[in-house]
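**Student:** Here is a sequence together with a model predicted from it:
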Amino acid sequence: MPEGIVDLCQYKTHFCAVRFKFMLARDPSSEMKLERGVSATMHLVRRDNDSEARSIPVPVDALSDANMQFINAYESSSTIVLDVIRSDESDMRKGALRWPWGSTLDEYRSAASKKSLWRYTVDVDAGTIEKERLLDKHVLFATISPATGCRPHKRIYATVGATGSEASPPQGLLSYDTVSGSTQEWIPKPFEFCSEPIYAPRDKSVSDADDGYILSVLYNGQQKESELIVFDARAIAAGPICRMSLNTVVPHGHFGCFTTAKEACWDPDEMLRRAKLSDKMESRGNMWNEVKSYFSGLGMRVDGTYCQTLLSADF
């Protein structure tokens, strides 16, 4: 039976990944189906040598461990603590929606899983894993202050739906205090939707790792425009301290980061050059990768300054 890994995290001495079993039809365009009731396996691989990985079975419960999104991991005595987002697919009635995705909340819920915040505590010596739900709200795209990566973190930042624990489009922003269990939440107007929160440090000399800013791109469905919104990371519920219109629509994305590195700080001419190149590549989108079930091979085609790779697999 095929096995897969969705996400990977690391802590001071190891990499960590969860492997799960699934079923796949012969047609590669068909959906992957999870094997229910079968334990996933957590693998701990040392970062500093080629020693054999430690494999620990993950106890089975009502939720799947397949589509797990790691937030952070750290060591505490002889245990490893992992905070993750898990998916509950029990209420899903059909596969992924096609554009325009859906016009009602019910259509969204029929194809989107409920998500919640969990903590896994791994006893390496005993080879056991305990699970605890930290927050029963529909949260997505969680992050922490990079300064607390691979060590205990106090706050988790995430997008949150407006309907509590029920699945709904990511709309507002939330911070969760891992020490007290308290939350701060900001929900914009019904026609506004926040993208992934991105942490930006205030100053390198600040001692509090969470004394910084949270950035997000907010889409206004009425005006069909996006804006950059900025929050005090310690006061999410107070709302944005700054809002800047972008005068255009910025598609929602995730897994971004904030940096002041010279390589990423482009001047206006460089940004314009890159934007033109991106538009040119977008216009040739129908020439890029496609999957066909009747051919196996790797083909290369050179067209002017472009190199096209077609990768197909016969399952």
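**Tutor:** Yes, it's here. Numbers count the residues shown, from 1 in each chain.

**Student:** can you list contacts of the one helix or strand residue 230 maps to?
**Tutor:** Residue 230 belongs to strand 225-232 when assigned by DSSP states H and E. With CB atoms under 8 Å, 6 or more residues apart in numbering as the test, strand 225-232 has contacts from 173, 186, 194, 213-220, 238-250. Quick note: C-beta positions are derived from backbone N, CA and C, even for glycine.

**Student:** Filter those down to the buried ones and express that as a PyMOL selection.
**Tutor:** The PyMOL selection below is limited to those of the contacts of strand 225-232 classed as buried (16 or more other CB atoms under 10 Å):
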select buried, resi 173+186+194+213+214+215+216+217+218+219+220+240
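
**Student:** so which helix or strand takes in residue 200?
**Tutor:** Assigned by DSSP H and E, residue 200 belongs to strand 198-201.

**Student:** Now do the nearest residue to residue 234 once chain neighbours are set aside against residue 155, distance only.
**Tutor:** Computed as CB to CB, 6 or more residues apart in numbering, the closest residue to residue 234 that is not its neighbour in sequence is residue 210, at 6.0 Å. For residue 210, the distance to residue 155 (CB to CB, to the nearest Å) stands at 5 Å.

**Student:** shared neighbours of these two, anything?
**Tutor:** 145, 233-234.

**Student:** Show me where this structure dips below the pLDDT cut-off.
**Tutor:** Along the chain, segments meeting pLDDT under 70 span 1-2, 23-37, 91-102, 204-207, 253-254, 285-315.

**Student:** Centroid-nearest residue for it?
**Tutor:** With distances taken as CA atoms, centre = their mean, the residue of the chain nearest its centroid is residue 141 (4.2 Å).

**Student:** on that earlier part again, identify those among the contacts of strand 225-232 that sit within helices.
**Tutor:** Judged by DSSP state H, the subset of the contacts of strand 225-232 located in helices is empty.

**Student:** ok, back up a step: ok, how many other residues are close to the residue nearest to residue 234?
**Tutor:** Counted by other CB atoms under 10 Å, the residues lying close to residue 210 total 21.

**Student:** and it, what helix or strand is that in?
**Tutor:** Short version: residue 210 belongs to no helix or strand, going by DSSP H and E.

**Student:** can I assume it is in contact with residue 233?
**Tutor:** Yes. Contact status for residue 210 versus residue 233: in contact at 5.4 Å, counting by CB atoms under 8 Å.

**Student:** what touches both of those two?
**Tutor:** 145, 155.

**Student:** do you know how far the residue nearest to the centre of the chain is from residue 251?
**Tutor:** 14 Å.

**Student:** cool, residue 181 as well?
**Tutor:** From residue 181 across to residue 251, the span is 34 Å (CB to CB).

**Student:** what does residue 65 give?
**Tutor:** For residue 65, the distance to residue 251 - CB to CB - is 30 Å.

**Student:** Now do the buried residues in the host helix or strand of residue 175.
**Tutor:** Per DSSP H and E: residue 175 is located in strand 172-177. Neighbour counts over strand 172-177 (16+ other CB under 10 Å) mark 172-176 as buried.

**Student:** And stretch 128-137, by the same measure?
**Tutor:** Buried, per 16+ other CB under 10 Å, within stretch 128-137: 129, 131, 134-135, 137.

**Student:** ok, those residues vs residue 111, which is closest?
**Tutor:** Residue 111 lies nearest to residue 137 out of these, by CB to CB, at 19.9 Å.

**Student:** Between residue 65 and residue 251, which is the more surrounded one?
**Tutor:** residue 65 (25 against 8).

**Student:** Kindly list the main-chain dihedrals of that one?
**Tutor:** phi -100, psi 10 (degrees, to the nearest 10).

**Student:** Tell me the spacing between it and residue 276.
**Tutor:** From residue 65 to residue 276 the distance is 44 Å (CB to CB).
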